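Peer 1: Show me how the following folds:
(chains A and B)
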Amino acid sequence: MLIKINSEEDTTRYGLSLASQLSPGEVVCLVGDLGTGKTALTKAIAEGLGVTEHIVSPTFNIVKEYHSGRMPLYHFDVYRVSDPDELFEIGAEEYFYGEGVCIVEWADLIPDMIPSGSRVIEISYGEAPQERIYDIGWTE
Amino acid sequence: MKILAFDTTGENASVAIYDEEKNLYKLSSDDAMNHLKGLLPMTQQLLKDTGISRDELTHIAVSVGPGSFTGIRIGVATAKTIAQALGIPVIPVTSLASFLSAEEREGESLVCPMIDARREQVFAAGFLTGGELVNEVIQADAHKVADFVAKSVAYAEENSIDKIVFYGNGCDSYKSTIDKAAAGTKVECIIADESLRYQDAAYVATLGAKLAEAGGACNYNSVKPVYLRKAEAERKLAANQLGIKKKDREPQVMVELPPVDEVIQYRVATADDIAAFAKLDAACFARPWSEKSFEGDMTGPRGCVYVAAENSKGEVIGFAGITYILDEGEVNRVAVNPLYRGRGIGDKMMDMLLADVESKGVVEITLEVREANRSAIALYKNHGFKVEGKRNNYYAETGENALIMWKHGRAE
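Peer 2: From the prediction side, this is the model:
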């Protein structure tokens, strides 16, 4: 599915709507260049899950946990992960197959760790500066 | 010799003490959620109950894995720390080998512990036991469960071993695999009794004592976790691209988010809607229904009603279907376009659908729903359905459980 996002407001609406569809144990992969708004979409999904904590980019932490919502939210940014073993040592497998929702930014860098049946949202720039295109799919 | 043993690799952490007189004392956690938090309090409790002081301990035996990632880390770290503090050695025991001490066995048997590693895989090994001798005949590894069970049966057949005993929670998750294999062989495939089937510090302590006597104790620094993760080269071969489904890669029409106040129309569906339903199903579900499935419902021997929700452009953005026979019906599929969720469309479709079949005399209605499908369960509860049963591991591909719900309209 290809969705045209006209503004940050659309990002928020989409994120809130997606949140209502998420079940425990799901993994959402966010793929897209720097600046495409992966963290902005994560904030919207978090809001939809009832998370009250402030969401920050996990680029340096690799993963941040949020427990204030209706189920745990695990927000990953694997951009700096050069070695999948490093991700394993953080317990990524237990997160990905756990009881919360995982949002993984730059998931395309760790394809073999992503569970089958995970959602993928590929974000690209649109024509106008605030426009984005969401290409939604599933992993095999 | 007084050995303090831990096992934290399974669903319930446990602690045991084994002494030179072969007395075995143990405690296990019964709180699945917080079992790891209880490890040290249980240890203190056990020392207190047995009157053994920590200075009397001569070894710490610990299950180093495979099993729960977090469990292994906590068990190994705790054991190493206590060993360092008390100045005593550690006896590392692998969780798979520890099952050798689960019970006494007569004659020769093939002991096959299987710990669920998800994705149809198990951490497993095959041990040939006979008297005092033990041989690891199937190497401990992360195996595909069907392959491992087949290998065990083949080994037993080729070596005239008349029974295989399976242990571990892999027996629960993949019982059907064992049952299938058992049906095709003369080898007796036994699943260990529940009381013996899972990891236990008592096994670690007993096997630990034997290993210590054979020189298997070591300095805490040498103890390493055993995850049995697939080798890196294998993993890299597995995928270098996020395996997105091919159909999601086909060129598609770009849509915009629908206006918040868009008017939705509801009507009864016909066979002409099948193509649209299949397309919508593919957008909603990771494992969608084909057009044939919808045709099967609509043209099959059971009565069938489907309703469709249309947006202002006349596009189908939701559907719900029931098949029925006489007065009993089953809700087969309810889907709402992801962009239209949260607007009460599912609700209105269920209203229409139930009113229709109820007017046709269908009063007992059932359905299956994935246990984790929170929003669907809420939708059905709002329409008078109650959970009446559960089928474990119903959805084969993911091992998810199904909840069985019923709406009873028959006057009691």
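Peer 1: list the contacts for the closest residue to chain B within chain A?
Peer 2: At 3.0 Å from chain B, residue A:137 is the closest residue in chain A, using C-beta to the nearest C-beta. From N, CA and C alone the C-beta is placed, and that goes for glycine too. Counting by C-beta atoms under 8 Å, 6 or more residues apart in numbering or on different chains, residue A:137 makes contact with A:1, A:119, A:120, A:122, B:244, B:245, B:248, B:249.
Peer 1: what are the ranges of the strands in chain A?
Peer 2: Counting by DSSP state E, chain A has these strands, from start to end: A:2-5, A:27-32, A:63-66, A:73-77, A:101-105, A:119-125, A:132-138.
Peer 1: Highest mean neighbour count out of these?
Peer 2: Neighbour counts (mean count of other C-beta atoms under 10 Å in any protein chain shown) averaged over each of these peak at strand A:101-105, with a mean of 27.
Peer 1: packing partners for that one?
Peer 2: The helices and strands touching strand A:101-105, judged by 3 or more C-beta pairs under 8 Å, 6 or more residues apart in numbering or on different chains; DSSP states H and E, are strand A:27-32, helix A:38-48, strand A:73-77.
Peer 1: Compare these and give me the one nearest residue B:384.
Peer 2: Residue B:384 lies closest to helix A:38-48 among the helices and strands packed on strand A:101-105, at 27.5 Å (C-beta to C-beta).
Peer 1: average model confidence for the closest one?
Peer 2: Helix A:38-48 shows an average pLDDT of 96 in the prediction.
Peer 1: Determine how far that helix lies from the middle of the whole chain.
Peer 2: Counting by C-alpha atoms, centre = their mean, to the nearest Å, helix A:38-48 is centred 8 Å from the centre of its parent chain.
Peer 1: Find the residue closest to residue 80 in space, skipping its chain neighbours.
Peer 2: Since you didn't name a chain, this refers to chain A. Spatial nearest neighbour of residue A:80, chain neighbours left out: residue A:59 (6.5 Å); criterion: C-beta to C-beta, 6 or more residues apart in numbering or on different chains.
Peer 1: actually chain B
Peer 2: Nearest in space to residue B:80, with sequence neighbours left out and distances taken as C-beta to C-beta, 6+ apart, is residue B:220 at 4.3 Å.
Peer 1: now the strands of chain A in JSON lines, with distance to residue B:328 and mean pLDDT?
Peer 2: Putting the strands of chain A into JSON lines (distance: least, C-beta to C-beta, whole Å; pLDDT from 0 to 100) gives the following:
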{"stretch": "strand A:2-5", "distance to residue B:328": "40", "mean pLDDT": "93"}
{"stretch": "strand A:27-32", "distance to residue B:328": "38", "mean pLDDT": "96"}
{"stretch": "strand A:63-66", "distance to residue B:328": "45", "mean pLDDT": "97"}
{"stretch": "strand A:73-77", "distance to residue B:328": "41", "mean pLDDT": "97"}
{"stretch": "strand A:101-105", "distance to residue B:328": "37", "mean pLDDT": "97"}
{"stretch": "strand A:119-125", "distance to residue B:328": "35", "mean pLDDT": "96"}
{"stretch": "strand A:132-138", "distance to residue B:328": "34", "mean pLDDT": "93"}
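Peer 1: got the residues of the stretch 301-412 of chain B near chain A?
Peer 2: Within the stretch 301-412 of chain B, the positions near chain A by C-beta under 8 Å from any C-beta of the partner chain are B:338, B:339, B:341, B:342, B:370, B:372, B:373, B:374, B:375, B:397, B:398.
Peer 1: Could I have the ChimeraX command that selects the buried members from the residues you listed?
Peer 2: Burial among those is assessed by 16 or more other C-beta atoms under 10 Å in any protein chain shown; the matching ChimeraX selection reads:
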select /B:338,339,341,342,370,372,373,374,398
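Peer 1: Which two among the residues of the stretch 301-412 of chain B next to chain A are spaced furthest apart?
Peer 2: Using C-beta to C-beta, these reach their maximum pairwise distance at B:342 and B:397, which is 27.5 Å.
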